[in-house]
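Undergrad: Quick one, what's the 3D model for this:
(one chain, ligands or ions: 3)
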Amino acid sequence: MKYAVFSTSPLTQKTDCLVLGLFKEDTDNALFKSADEKTNGKLSRLIQSGDISTDSAKSTWVLGIDGPFERILCIGLGKKDEYSLENLRKSARAVAAALVGSPVTKAVSAIPAPATLPYASAALETVVQAISAATYRSDGLKSKPKDAAKLAELRIHAPELPKKNAAALLKQAEAIAAGMNLTKDLGNLPGNVCTPKYLAKQAKKLAKANAALSVEILGEKEMRKLGMGSFLSVSAGSEEEGQLIVIRYNGSAAETRPHVLVGKGITFDTGGISLKPGEAMDEMKYDMCGAASVFGTLKALAEMQAPLHVIGVIAAAENMPSGQATKPGDIVTSLSGQTIEILNTDAEGRLVLCDALTYAERFEPETIVDIATLTGACIIALGHQASGLLANNDELASQLLAAGQQTGDRCWQLPLWDEYNTQLDSNFADMQNIGGRPAGTITAACFLSRFTKKMKWAHLDIAGTAWVSGKDKGATGRPVPLLTRYLLNQIPSA
Ligand code: BES
Ligand code: MN
Ligand code: ZN
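TA: Ligands and ions are numbered 1, 2, ... in the order given. From the prediction side, this is the model:
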């Protein structure tokens, strides 16, 4: 896809298709008036007759236009005074679906930005992401891939962008979409392809493509030397060697303390000896989506050359049952020195993450955020709308909440009160790895909080948001928009 932005009149653009946003009962609109004139009143007649709907997110094709474009794709935006970014998001998705299902190869988008935006490029990002999602394909493993979308070029009318950095903001929007696509690609790969070593290889590949990125890989031998007994207890049952992948991005001239992202990278979660039931177990290939979102966020930052210092740490392992596997009741010593009684080998995410979090202390993070498909309980609590957020620092939490709100990639905070922490008390070790059925998402975060006391830390539980099930099954690319916006918001002038 080729994107461009422009601020002159959309009606003089030569293109296959003009996408025209239409508010309800908004006849004074200058753009609408001239479009209506250009079509000899066809648009207003069709609105009058009800053939064109101005309801939010309703799209209508108008063909046979005699102008610099052959078609108009009308997109209803609802009432002007109720128009919001959320409205635009739904409308942009409807437009993307209509365009991708059509023969159009080049289109011009004239969908207005809402009057108030959380940041200058919010509307632009929304449109680019909608098109990117609709043209995304995950069929690299089909013997005959589906035809790619015909749509190849979109020029976006974005007069709301500050002129002097419109091009840079478009690049930023494209970078976020590209980061999301990488996150989806990795997430969608099956467990027999996407192994810990495969993720390590992808990290090297990513770094090779961008001079501001560098990679360091620790294998099990190195982790054993360091004393990462908790991490290693997870990969113990697998033939695939666990990998700790460190990706550094330094795009800031000054030596600043890094923001660290830690991703859960369980490339397949069978549950281990505490074996999961068979139903939908295939979806546990997505148990590395936290790791994939770290990849995607770093790719986005590197592509847009963001002036930031960010380090990604990925805890990649496969959770399998075998003769070598960890057994319920086993006690291991974590890198922090704290001992853990493993009562359920299916609570493995926290076991790899706690050692990765302790490892990350050496980077003296400004902030540290881990991202994990950690608990089924999070889906029960928040469904598929919001990621779970838990943090030991209120300012960090509110910044993540804000970034989620700004991008529509929302998270919602749950409490980390001490009272919950007692659910992890063990008779035989410093803690146990499960806290019983009540508040499963919170006790999982409580577990992690025992390893992050020295840092400003937040945890995102993306169990409900990282992928969708059913007919349109696939990774979503979340929470790359949230993470990228949170990090961009850390740039002093941004
Ligand atoms: N990867 C799963 C969590 C998960 C399950 C995410 C289903 C999305 C959908 C995680 O490793 C896990 O198995 N968690 C257990 C924890 C329990 C044993 C305390 C869970 O949620 O059941
Ligand atoms: Mn598990
Ligand atoms: Zn898991």
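Undergrad: Only C-alpha atoms from now on, for both contacts and neighbour counts.
TA: OK.
Undergrad: Tell me, how many residues neighbour residue 39?
TA: As a burial measure, residue 39 scores 16 neighbours (other C-alpha atoms under 10 Å).
Undergrad: what sits against it?
TA: 65, 66 (C-alpha atoms under 8 Å, 6 or more residues apart in numbering).
Undergrad: Which residues are in contact with the residue of the stretch 51-200 of the chain found nearest ligand 2?
TA: Residue nearest to ligand 2 within the stretch 51-200 of the chain: residue 191 (14.5 Å; C-alpha to the ion). Applying C-alpha under 8 Å, 6+ apart to residue 191 gives the contacts 267, 268, 285.
Undergrad: again with residue 245
TA: 200, 203, 215, 216, 217, 218, 312, 313, 314, 315, 316 are the contacts of residue 245 under C-alpha under 8 Å, 6+ apart.
Undergrad: Does residue 155 touch residue 8 like I think?
TA: No - applying C-alpha atoms under 8 Å as the test, residue 155 and residue 8 come out as separate, 11.4 Å apart.
Undergrad: Between the two, tell me which one has more neighbours.
TA: Between residue 155 and residue 8, counting by other C-alpha under 10 Å, residue 155 is the more crowded of the two (19 against 11).
Undergrad: Tell me the residues of this structure that contact ligand 2?
TA: 271, 346, 347 (C-alpha under 5 Å from the ion).
Undergrad: top of these by neighbour count?
TA: residue 346 (24 neighbours).
Undergrad: does that one really touch residue 266, like I thought?
TA: No - at 11.1 Å, residue 346 and residue 266 do not qualify as touching, with contact defined as C-alpha under 8 Å.
Undergrad: Burial check on whichever residue of the stretch 101-250 of the chain sits closest to ligand 2, number of neighbours?
TA: Across the stretch 101-250 of the chain, the shortest distance to ligand 2 (C-alpha to the ion) belongs to residue 234, at 10.0 Å. Close neighbours of residue 234, defined as other C-alpha under 10 Å, add up to 30.
Undergrad: Most proximal residue of the stretch 201-350 of the chain with respect to ligand 2?
TA: residue 346 (3.6 Å).
Undergrad: Tell me the secondary structure at that residue.
TA: Judged by DSSP: H, G, I helix; E, B strand; the rest coil, the three-state class of residue 346 is coil.
Undergrad: which residue ranges form the helices in the stretch 1-150 of the chain?
TA: In the stretch 1-150 of the chain, the helices defined using DSSP state H, counting those that start in this stretch lie at 30-38, 42-49, 85-100, 122-135.
Undergrad: Could you pull out the buried residues of the last one?
TA: Taking 16 or more other C-alpha atoms under 10 Å as the neighbour-count basis, helix 122-135 is seen to contain the buried residues 122-135.
Undergrad: list the helices and strands that helix packs on?
TA: Packing partners of helix 122-135 (3 or more C-alpha pairs under 8 Å, 6 or more residues apart in numbering; DSSP states H and E): helix 85-100, helix 166-188.
Undergrad: could you point out which element follows it?
TA: Per DSSP states H and E, the first helix or strand lying C-terminal to helix 122-135 is strand 153-157.
Undergrad: Compute the distance from the centre of that next one to the centre of its chain.
TA: How far strand 153-157 lies from its chain's middle: 24 Å, per C-alpha atoms, centre = their mean, to the nearest Å.
Undergrad: which residues touch it?
TA: So strand 153-157 is contacted by 1-8, 10, 105-112, 124 (C-alpha under 8 Å, 6+ apart).
Undergrad: Quick check: mean pLDDT of it?
TA: Per-residue pLDDT over strand 153-157 has a mean of 98.
Undergrad: now swap in stretch 204-217 and tell me
TA: 97.
Undergrad: buried set for that stretch?
TA: 204, 206, 207, 212, 213, 214, 215, 217.
Undergrad: Can you give the strand pairings for the host helix or strand of residue 264, parallel or anti for each?
TA: Element membership for residue 264, per DSSP H and E: strand 259-269. Applying DSSP bridges to the sheet, strand 259-269 is found paired with strand 309-319 (parallel), strand 367-372 (parallel).
Undergrad: roughly how far is it from the heart of the chain?
TA: 13 Å.
Undergrad: Buried residues in it, which are they?
TA: Those buried within strand 259-269 under the rule 16+ other C-alpha under 10 Å are 259, 260, 261, 262, 263, 264, 265, 266, 267, 268, 269.
Undergrad: now swap in stretch 60-79 and tell me
TA: Result for stretch 60-79 [16+ other C-alpha under 10 Å]: buried residues 60-62, 69-79.
Undergrad: how about these in JSON lines, adding distance to ligand 1?
TA: Output for the buried residues of stretch 60-79, formatted as JSON lines (distance: C-alpha to the nearest ligand atom, whole Å):
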{"residue": "60", "distance to ligand 1": "38"}
{"residue": "61", "distance to ligand 1": "40"}
{"residue": "62", "distance to ligand 1": "43"}
{"residue": "69", "distance to ligand 1": "47"}
{"residue": "70", "distance to ligand 1": "46"}
{"residue": "71", "distance to ligand 1": "44"}
{"residue": "72", "distance to ligand 1": "42"}
{"residue": "73", "distance to ligand 1": "39"}
{"residue": "74", "distance to ligand 1": "39"}
{"residue": "75", "distance to ligand 1": "36"}
{"residue": "76", "distance to ligand 1": "36"}
{"residue": "77", "distance to ligand 1": "35"}
{"residue": "78", "distance to ligand 1": "36"}
{"residue": "79", "distance to ligand 1": "38"}
